Structures are given as structure tokens and as C-alpha cells.
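> Here is the input, now give the coordinates:
(one chain, ligands or ions: 3)
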Amino acid sequence: MKSSSTTTITNFIHSFFILWFLIIFLAGQNLQIHAAGGGGQWVLLQKSIGITAMHMQLLNNDRVVIFDRTDFGESNITLPDGKCRNDTFELVVKNDCTAHSVEYDVVSNSVRPLMVQTDVWCSSGVVAPDGHLIQTGGFNDGERVVRTFQPCGNCDWVERGLGLVNRRWYATNHILPDGRAIVIGGRRQFNYEFIPNPLPQNLHFLFHCYAKQMIQMRRTISTLLFTLMWMETCLFTRTINNIVVRSYPPMPGGHPRNYPSTGSSVILPLNLGQPSLEAEILICGGAPRGSFAQVGAKKYIRGLDSCGRIKITDNSPSWIMETMPFARVMGDMILLPNGHVLIINGVGAGTAGWEDGRNPVLNPVLYRPNTPFGSRFEIQKPSTIPRVYHSTAILLRDGRILVGGSNPHIYYNFTGVLYPTELRLEAFSPTYLDSLSSNIRPRIISPPPKVRLTYGQRSIVRFSIPGAALVEIGISVTMVAPSFTTHSFAMNQRLLVLSRGKTTVVAGNPSTYQVLVTMPNSANLAPPGYYLLFVNHQDIPSEGMWVRIQ
Ligand SMILES: *[C@@H]1O[C@H](CO)[C@@H](O)[C@H](O)[C@H]1NC(C)=O
Ligand SMILES: *[C@@H]1O[C@H](CO)[C@@H](O)[C@H](O)[C@H]1NC(C)=O
Ligand SMILES: *[C@@H]1O[C@H](CO)[C@@H](O)[C@H](O)[C@H]1NC(C)=O
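Ligands and ions are numbered 1, 2, ... in the order given. Below is the predicted model of the structure:
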């Protein structure tokens, strides 16, 4: 079976009507969960990027597009050149001279304000095959807008008016094998559409496989979409008349994993070296059934510490349940270059939504999918900054995880609240970046950056390992699609382990090696676009190399 992946979180019952209320500082409410010790390092990159990092996407120039929303007051960064946004439809500040989007340059560790014209709150995005960001929807005057952002030196947002057929607030995007983006769902939208393709008839109704009012996470496998809807899961294909081709058993426990009981999910690494492709999904955390009703009464129930793992390519798939070291609501799950999963951000009690989370979980947790059951989780070193509702995390090319955002308030509230609006940007370096590993860390020599590769192409990857001898079975070559992350969900995230030959020493140079790898043989496995190629040696990844597959 061929495969590709996507995920998302859509939110149906937003706590929009609850709005903000006075916070009572009860003893114990401010508890933060962290275990001392653990691997990895935290670095504070920026004391303020001026906005809260609610949505993040890395582009192929090693810059990250970040945005929050236009309708919650003035941010802490002004627009350049005296520019202001004069928007008569705006709900809060009609003439706003502050920015609600920035570009973060990873290499120079600097921030540049960008100008969005309409509201991008809780929206979705995806990177097109040529490398530009397509962002869709939002709220109010932005709910049907399509915006694009080119990865160039000084580019800014370009807005294309009403590019969507339906309003898309909390939708999910994914790139398809034909290079188009599918835009799925959104609040009260049980349908999907495509970009580019603005024709009204290009609207499909898809949610046959459940009748509940909540939608959660979706994944694509080939042109098949794997959808977890509240507690039910189904797989459907749009190529055969939108039919549901498979249904999966509900996850044991009967708890919701979607907003406001927000958990997170990934498709585990897809190993293309196997004779037949297997695809597994891992869903972790969330809040027990009934939690959201309780936060109204200021009762913050402990979150879920369980993960469910299911091999969706099995003939009769079933869930395997595992227990995390911490309960976690609103975690992010990020695939690392070596195929491990980092579970980061979130809280230990309460739910997603305004003012509803408690007990921030400061320790990330590593999950190693291939180690024996019972020994897969490892606690990492804690941050000092709570990352609650509206926080994000993404993988960078150098293997660090960029962490930003957190804002459980309807405005920028820096004081007088339990978890202030968070403008700080941090990076978490997993233990694989420790200098202790530098003598076994590979460095890619070729292919050169941004090389174009075709499907099924056999390509030599050349790399050096400075110190110790190479351990042949410790080598893997992986390709990662950088995600659009928001609301604990990394859209379009995928990691492919490439099929490879034996590693050989390059003649005359004992620390330089080469290995023949085969690119994914179809767009179903890897939709066209930019990926980060990594060589891993004993779980220590090289820096990534941007490659373009088409
Ligand atoms: C806002 O930015 C200024 C510098 O421009 C900084 O001193 C201040 O701490 C920032 N506020 C917050 C809440 O980060
Ligand atoms: C904003 O736009 C409105 C409507 O176009 C106009 O009447 C108003 O003068 C503008 N305000 C500023 C400060 O530019
Ligand atoms: C946040 O700030 C706004 C505007 O300053 C204020 O109206 C609101 O009450 C504050 N929210 C909380 C939860 O304190």
C-alpha cells in the first residue's frame, strides 16, 4: 500500500461563549509539573517576538512564518515604515499600527514584522510544491481569505480576497499527491475543498462515518484520509466517490482526544525499506470525558496519560495502549529526524480553551517507537515557561525544536492573569545535539542544498563522520516534511525512512562515506515539495539538507 500522511485538529465547540472570567488564584492551581534532570537543553532565543506564536511554519530559506490573530488588541511589535492596518471590519482595533505576524530568521536569530490584512485566527496552512506557504481562512473578515507567503528575502503576505468557497475557522490542510492542497472542515463545515480551484462545485461532503458534533484529527494515507472523529476512526478515499473504505475500532477508554479535550497525534515514521508498507498512528493525551463541563465550575480534572497506537494497514487493526510519564492536554507531537517523537507543551489538568488549562507540563517526553513496549518514554529536561493554549512547536533544519506561543486569553494580557500572554521564543535541543555525540554525528556533503529529485530516483548521499568508525546498522536516511503547527496539531507532518544500500567508505578518505538511497517511488508516499533530508548515525542526526522532490 502506498502512503502519505496528514494530521489536524479541528475544533467544533470552541469556548467562544464562555469568554473570559475572573481568575481566582486558588492554592494549588498554579502548580507546575516538572521532574528534575532529564536530557536535552533549553535556550531562550528571544525575550519577545512581539506576538504570540499561535501558528508556525518553517520554509526552505530557514525562516519561520509566525502569526497570531488581528482581533485581540495591539501587539508588542510595530509595523515597519509607519504602516498601519486600517480595517473597518476589524473587531477590536480598527486602525492598528502593530504587527500580528512575524518572520523569524533561524540563522541570524532575528525577527521581522509582517503585515496580514485580515483575521487569521485559528486558521490552517500548507506549503505548496514550489515552497510558498498557502494559508487559508481564519475569523471574521478573514474566514474565506486565502493568503500566500513566498520564502524570499523581504517578502510579505499577499491576500487573495475570498479564495475559499466556505468559511474555514479551525480547518485542516494537507498537500495531496497532485500538488493541490485539500482544506478540510472547520467549525460547522462538514466538507472540504481544494486550493487551487475556486470553483463552487469543487466542494465535497465527506463526514459520513460519524454523526457526532466533534471532529478531531485527520491523516491521509495515499489519497486515503484517516480521520479520528471524537472517538471513532475511519478511513475514506475521495477517489472512489467519497466513500468510507474502512472503519477502525474506537480507542479503548472511551475518552475524547479532540478540542477541548485536545490531545495530539502523529503518523509514525514510514519505513520505505520494508517489503510492504506499514503505517502506524500514535495519538497521545487529551482530557477525560466531562472535563470541559467541569472547568466551568473551576474543577480541573487530571488529563489523560494514555497513548493509543494502531497499525492502520493491518487486516484487522487494534489499538495498543501505552502510558506516558505525565498526563498531558494540548501537547504537541513532533517527529524528530531520527524517527523518535517528541511530546512537548501543554498542561496536566483542565482542557483547551480560554483560561481552562492548569498545571503546565514543563518536561518534554521522548517516545522511541521501536524500543520494546514499556520502555519507550523518556523524560526530558524541563523548560521554565508554561506553554498552554495557543502554543506551538516545530522542527528546525538543525534538529532543534522551536517552541513559542501560549495565550489562553482573548487579548494580549501580560499581567494579572494566571498564564500571561507569552511572547518568548525558545529552542529545545534534544540530547542528540549534545557535544558528547559530535564525534559520531554525520555531516551531509552531498546532495547540495535544494537539489531536485524525482520519484524513484536512486541518489548517492555522501557524508562524513569525524571521529569514531561508522556503525553500518546504525545508519538511516530520513526525509521530513516540515509541518504547519497550530492548536497541538502538526499539519502535513511526515517522516519517511528511505530504502538504502550498504554504506561504503569513499576511497582515499576514511571519514567520508556514501550510501545509495532510493527516493520515494510515488507522490502518494511523498507529495511534491521541499523536504529535509537527514543522515542519522546511531540515532544522532546530521543537520538537514533541503531537497525538492517532484
Ligand atoms: C514588549 O517589547 C519591549 C521592547 O520592545 C520589551 O521591553 C517588553 O518586555 C515587551 N513586553 C513583553 C510583555 O514581552
Ligand atoms: C480608514 O479607512 C476609512 C474608510 O476607507 C476612512 O474613512 C478613514 O479615514 C481611514 N482612516 C485612517 C486613519 O486612515
Ligand atoms: C485582558 O485584557 C483586556 C484588555 O486590557 C481586559 O479587558 C480583560 O479583562 C483581560 N482579561 C483577563 C482575563 O484579565
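> List the contacts of the residue most central in space within the chain.
Nearest to the centroid of the C-alpha atoms of the chain, with distances taken as C-alpha atoms, centre = their mean, sits residue 490, at 1.9 Å. For residue 490, the contacting residues are 7, 264, 266, 332, 333, 334, 335, 394, 483, 484, by C-beta atoms under 8 Å, 6 or more residues apart in numbering. C-betas here are computed from N, CA, C, even on glycine.
> Looking at these, which is nearest ligand 2?
Of all the contacts of residue 490, residue 484 has the smallest distance to ligand 2: 31.9 Å, by C-beta to the nearest ligand atom.
> where does the stretch 351-500 of the chain come near ligand 3, residue by residue?
Proximity of the stretch 351-500 of the chain to ligand 3 is confined to 409, 411, 413, 416, 417 under the rule C-beta under 6 Å from any ligand atom.
> picking that back up, the residue nearest to the centre of the chain looks like it's in a helix, true?
No: going by DSSP: H, G, I helix; E, B strand; the rest coil, the assignment for residue 490 is strand, not a helix.
> Quick check: pLDDT value at the residue in the stretch 1-150 of the chain that ligand 2 sits nearest to.
The nearest approach of the stretch 1-150 of the chain to ligand 2 comes at residue 86, 3.7 Å away (C-beta to the nearest ligand atom). Listed pLDDT for residue 86 reads 93.
> mind listing the helices for the stretch 251-400 of the chain?
For the stretch 251-400 of the chain, helices defined by DSSP state H, counting those that start in this stretch occupy the ranges 291-295.
> Can you tell me how far the residue lying closest to residue 526 once chain neighbours are set aside is from ligand 1?
Sequence neighbours aside, residue 520 is the residue nearest to residue 526 in space, at 4.0 Å (criterion: C-beta to C-beta, 6 or more residues apart in numbering). Distance of residue 520 to ligand 1, computed by C-beta to the nearest ligand atom, to the nearest Å: 43 Å.
> now do residue 506
For residue 506, the distance to ligand 1 - C-beta to the nearest ligand atom - is 50 Å.
> before we move on, the earlier item: who's the residue nearest to the centre of the chain bridged to?
When bridges are called by DSSP bridges, residue 490 pairs up with residue 485.
> ok so, going back, would you agree the residue of the stretch 1-150 of the chain closest to ligand 2 is in contact with residue 93?
No: using C-beta atoms under 8 Å, residue 86 makes no contact with residue 93, being 10.2 Å away.
> Show me which of those two is the more surrounded one.
Taking other C-beta atoms under 10 Å, residue 86 and residue 93 do not tie; residue 93 has more neighbours (17 against 11).
> Verify the stated contact: the more buried one with residue 73.
Yes: if you go by C-beta under 8 Å, residue 93 and residue 73 touch, sitting 6.2 Å apart.
> re earlier: let's see if you can find the most crowded of the residues of the stretch 351-500 of the chain next to ligand 3.
residue 409 (22 neighbours).
> hang on, the earlier thing: how about the contacts made by the residue of the stretch 1-150 of the chain closest to ligand 2?
Residue 86 is in contact with 94, 95, counting by C-beta under 8 Å, 6+ apart.
> and if you look at residue 485?
Contacts for residue 485 were tallied using C-beta under 8 Å, 6+ apart; they are 55, 56, 57, 332, 334, 392, 393, 394, 491.
> what about 7 Å?
56, 332, 392, 393, 394 (C-beta atoms under 7 Å, 6 or more residues apart in numbering).
> next one: residue 71
Listed by C-beta under 7 Å, 6+ apart, the contact set of residue 71 reads 90, 91, 92, 119, 121, 139, 140.
> May I ask which helix or strand encompasses the closest residue in space to residue 177 that isn't next to it in sequence?
What sits nearest to residue 177 in space, not counting adjacent residues and going by C-beta to C-beta, 6+ apart, is residue 523, at 3.7 Å. Element membership for residue 523 (DSSP states H and E) is empty, with no helix or strand holding it.
> count of residues packed around residue 315?
Counted with other C-beta under 10 Å, the neighbours of residue 315 add up to 5.
> can you tell me how far residue 449 sits from residue 127?
Distance from residue 449 to residue 127, counting by C-beta to C-beta, to the nearest Å: 17 Å.
> in the stretch 451-550 of the chain, which spans are strands?
Secondary structure of the stretch 451-550 of the chain by DSSP state E, counting those that start in this stretch: the strands cover 451-453, 458-464, 475-481, 484-486, 489-491, 494-497, 499-500, 504-505, 512-518, 529-537, 540-541, 545-549.
> right, so of those, which gets closest to residue 443?
strand 458-464 (5.1 Å; C-beta to C-beta).
> Flag every buried residue along the closest one.
459, 461, 462, 463, 464 (16 or more other C-beta atoms under 10 Å).
> pLDDT at the third one, what is it?
Residue 462 carries a pLDDT score of 98 in this model.
> I figured it hits residue 448, correct?
No: using C-beta atoms under 7 Å as the test, residue 462 is too far from residue 448 to be in contact (10.4 Å).
> shared neighbours of those two, anything?
Overlap between the contact sets of residue 462 and residue 448, as judged by C-beta under 7 Å, 6+ apart, is nil.
> Of the contacts of residue 71, which is the most crowded?
Of all the contacts of residue 71, residue 119 has the most neighbours under the rule other C-beta under 10 Å, reaching 26 neighbours.
> so residue 547 touches residue 528, yeah?
No: judged on C-beta under 7 Å, residue 547 makes no contact with residue 528 at a distance of 11.6 Å.
> how about the nearest residue to residue 537, chain neighbours excluded?
residue 442 (4.8 Å).
> Show me the beta-bridge partners of residue 113.
What pairs with residue 113, by the bridge criterion (DSSP bridges), is residue 102.
> returning to that earlier point: mind checking which of residue 449 and residue 127 has more residues around it?
Set side by side, residue 449 and residue 127 show more neighbours around residue 127, with 28 against 14, by other C-beta under 10 Å.
> For the residue nearest to the more buried one when sequence neighbours are not counted, the count of nearby residues, please.
With C-beta to C-beta, 6+ apart as the criterion, residue 127 has its nearest non-adjacent residue at 5.6 Å, and that residue is residue 133. Using other C-beta under 10 Å, residue 133 has 19 other residues around it.
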